[in-house]
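In: Structure here, sequence nowhere to be found:
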């Protein structure tokens, strides 16, 4: 399909040659390339065909999408002239020092869109120079950009620019108000224009990826399927009568609630941060913003493979306008740990989308060992503005200590439209903390903060074993466990700051006081008072397959525990920031990430040590959470096992040998020549670089001799594959390239 551009822009089909003033240093065509943004976004048709074929075959992976969604301009220095479409001051995806974020995101559109149409003419500039200069530009500024084509490669991949310089254009192309209005206009689309329905799920329409990456679009009258409140709200959208969906991504500070004025240069904090962005739970809205493939699905799990979907980043507060919706209900967490005889004040903000609020009630239940022991309902009254408060009564029975209380709030307006919040819970507890499970176990067993977080010292009488003790920079850390059976919720991180606690793995300690905190969504003990009561050996690593940890509840239950994964395939030796991914049984869909967080693992360790597709004896470490993902933290290189199957060159043994594959590279067919020294069971299999088996070429008893088998490659995508020969307990591997 082609973009349905707005009539004002279509009318400005001026005869303008690709335009870019000289800005990069050196000679155009030699030291840098003068291009249009459309060339930066262009994906070769052969790559698109490969993605479509894999999708049709049901074998498409995120790794293949990352491989194919590229072109020859990747990593090249380029120059182009463009207009700012978004305000850099509203960028909110980084950390800030002295009011200057260390990374600023902004979207621009090529000036040649006036003549040639907007297809493919949008791109994101990601400025990590840290000088804040990009914040001086505003929407409508025409600039010359010199920078490197540096695609984001995280869970997704999307073309973007790392600038070397951005300067105001001295020979602007956009001269009139009519031209400016046109080039700043969004493209009105539906979710089906950019996504395909694959069964009941959503996938990027690869045929239009080049047209829409970085594009400024608008959805009118789109349905809000689900709005999830929080510090970083999530919203799932779907065009009426269509099957495909899209989620909102919070590139802008206007659509996240964890930024304050300290994030911005003095006096330049925008008005949109004064109030939280509270998405409607359901309803209808007009939403506009910028499309990218970030590898993010907002937690809705609606894309296949997960998450192979565009996201939309609204930037200005006015980019998300609710046109019809029930009330929004935002329930405040209970910030104290009440005792078993305490009544508890609860609070909720209930905001009508239209009309007025008529009733607000809270339904609550006391839960002990997973069973409801008391239920009830209380009416909340309007205390101030949109805030309603009420009191949940204490349970009088003696079994209340240690119980959870869960409650939800329902707000109803005068049009009989109502919204019920999700359940919020707190733990009733008084006395000394005697187990890690009291600290770690959440109400529903799923992801969440410790139910005992108070921010102040708590009384403990906890016996635990030191599992790890290590240093990161100037700070000292340890992890503890208190259950020899290695049951869930029995591990925890401990932060000692710059003071060396003098602990070693295997030490037995008794904690009498500690503060329970959530540090970047990881439960930690700080300000710990303890005595060492003995020495010994730590509990063993808990051996699990990676696949079970893709379930968030299982992952949360193992936070702070020592885990070991055997016979793991390296899926990617570089997922960014020194991290890598791996999977047991070579199943890419079960992959988890490992982090170089501990000082014992160098930042370049994975990228210089591992090869994608190789098999390691084990990888082990501490389970934790950072930047939206559960991850493993190996403490030293001793936590990384040796190579079982190598992929750097052929692995040759005395008893088995892959002589070669002919031709190599191959297209539709290849002949594989191998030798075995004794009559034995033979398995010859073909794997892609993610470790997924794609073909079995030989399976059975083969005599001691040289053998040939023919591999049918017609159904496989172009790329590098691995041949693995297993015979008599020995292994040989070789690479096979497929071209199209």
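Out: Thanks, I have the structure now. For clarity, every value in this text was computed on a predicted model and none was experimentally measured.
In: pLDDT score assigned to residue 300?
Out: For residue 300, the model assigns a pLDDT of 94.
In: Could you do residue 5 as well?
Out: Residue 5 carries a pLDDT value of 35.
In: got it, and residue 654?
Out: What the model reports as pLDDT for residue 654 is 58.
In: Using the three-state scheme, assign residue 265.
Out: Using DSSP: H, G, I helix; E, B strand; the rest coil, the structure places residue 265 in coil.
In: tell me the contacts of it?
Out: Residue 265 makes contact with 99-100, 132, 135, according to Cβ atoms under 8 Å, 6 or more residues apart in numbering. The way it works is simple: take the backbone N, C-alpha and C, and place the C-beta from them, glycine included.
In: In strands only, show me those residues.
Out: residue 100 (DSSP state E).
In: biggest helix in the chain, by residue count?
Out: Criterion DSSP state H: the longest helix present in the chain is helix 45-57.
In: Tell me how far it lies from the chain's centre.
Out: Here helix 45-57 is found 25 Å from its chain centre; the criterion is Cα atoms, centre = their mean, to the nearest Å.
In: can you check stretch 336-348 too?
Out: The answer for stretch 336-348 is 35 Å, by Cα atoms, centre = their mean.
In: ok, back up a step: which strands and helices sit next to the helix or strand just after the longest helix of the chain?
Out: The helix or strand immediately downstream of helix 45-57 is helix 62-68, counting by DSSP states H and E. Counting contacts by 3 or more Cβ pairs under 8 Å, 6 or more residues apart in numbering; DSSP states H and E, helix 62-68 packs against helix 45-57.
In: Flag every buried residue along the helix it packs on.
Out: Using 16 or more other Cβ atoms under 10 Å as the test for burial, helix 45-57 gives 47-51, 53-55.
In: so who does residue 68 touch?
Out: So residue 68 contacts 43, 47-48, 50-51 (Cβ under 8 Å, 6+ apart).
In: go with 10 Å
Out: Listed by Cβ atoms under 10 Å, 6 or more residues apart in numbering, the contact set of residue 68 reads 43-44, 46-51, 54, 60, 157, 206, 209, 717-719.
In: what's the spacing between the residue nearest to it when sequence neighbours are not counted and residue 275?
Out: Spatial nearest neighbour of residue 68, excluding adjacent residues (Cβ to Cβ, 6 or more residues apart in numbering): residue 47 at 4.1 Å. Going from residue 47 to residue 275 by Cβ to Cβ, to the nearest Å gives 44 Å.
In: if we can go back for a sec, using a markdown table, please lay out the contacts of residue 265 together with neighbour count.
Out: Below are those laid out as a markdown table (neighbours: other Cβ atoms under 10 Å):
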| residue | neighbour count |
| --- | --- |
| 99 | 16 |
| 100 | 16 |
| 132 | 20 |
| 135 | 21 |
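In: Dump the contacts of residue 265 into TSV; add distance to residue 496 and pLDDT as well.
Out: TSV is the format used below for those (distance: Cβ to Cβ, whole Å; pLDDT from 0 to 100):
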residue	distance to residue 496	pLDDT
99	32	75
100	32	79
132	35	82
135	38	90
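In: Could you check the pLDDT of residue 672?
Out: Residue 672 is assigned a predicted lDDT (pLDDT) of 89.
In: Quickly list what it is bridged to.
Out: Note on residue 672: beta-bridge partners residue 661, residue 709, judged by DSSP bridges.
In: ok, it - how many residues close by?
Out: Residue 672 has 24 neighbouring residues, counting by other Cβ atoms under 10 Å.
In: now for the longest helix of the chain, which elements pack on it?
Out: helix 62-68, strand 195-198, strand 201-204, helix 209-212 (3 or more Cβ pairs under 10 Å, 6 or more residues apart in numbering; DSSP states H and E).
In: Quick check: mean pLDDT of that helix?
Out: The pLDDT scores in helix 45-57 average 95.
In: would you list the buried residues of helix 45-57 in a markdown table and tack on distance to residue 723?
Out: A markdown table is the format used below for the buried residues of helix 45-57 (distance: Cβ to Cβ, whole Å):
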| residue | distance to residue 723 |
| --- | --- |
| 47 | 24 |
| 48 | 28 |
| 49 | 25 |
| 50 | 21 |
| 51 | 24 |
| 53 | 22 |
| 54 | 20 |
| 55 | 26 |
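In: Closest to residue 225 out of those residues?
Out: Nearest to residue 225 out of the buried residues of helix 45-57 is residue 55 (Cβ to Cβ; 23.3 Å).
In: pretty sure the closest one contacts residue 201?
Out: No. In this structure, residue 55 is not within contact of residue 201 by Cβ atoms under 10 Å, at 11.4 Å.
In: between the two, what contacts are shared?
Out: Jointly contacting residue 55 and residue 201 under the rule Cβ under 10 Å, 6+ apart are 304-305, 308.
In: For these, please prepare JSON lines with the additional fields secondary structure and neighbour count.
Out: Formatted as JSON lines, the shared contacts of residue 55 and residue 201 follow (DSSP: H, G, I helix; E, B strand; the rest coil; neighbours: other Cβ atoms under 10 Å):
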{"residue": "304", "secondary structure": "coil", "neighbour count": "19"}
{"residue": "305", "secondary structure": "coil", "neighbour count": "21"}
{"residue": "308", "secondary structure": "coil", "neighbour count": "26"}
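In: With respect to residue 366, which of these is nearest?
Out: Closest to residue 366, out of all of those and judged by Cβ to Cβ, is residue 304, at 40.6 Å.
In: how close does the closest one sit to residue 47?
Out: For residue 304, the distance to residue 47 - Cβ to Cβ - is 19 Å.
In: For residue 456, which residues are in contact?
Out: Going by Cβ under 10 Å, 6+ apart, residue 456 touches 336-337, 515-516, 527.
In: average model confidence for stretch 261-278?
Out: Averaging pLDDT along stretch 261-278 gives 90.
In: Pull out the buried positions in it.
Out: In terms of neighbour count (16+ other Cβ under 10 Å), stretch 261-278 has its buried residues at 263-265, 269-270, 272-273, 277-278.
In: Return the member of those residues nearest to residue 493.
Out: When the buried residues of stretch 261-278 are ranked by distance to residue 493 (Cβ to Cβ), residue 263 comes first, at 27.0 Å.
In: Give me the local confidence score for the closest residue to that closest one other than its chain neighbours.
Out: Leaving aside its sequence neighbours, residue 263 sits nearest to residue 96 (Cβ to Cβ, 6+ apart; 4.4 Å). If you check residue 96, the pLDDT there is 75.
In: Am I right that residue 96 is in contact with residue 102?
Out: Yes. With contact defined as Cβ under 10 Å, residue 96 counts as touching residue 102 (7.2 Å).
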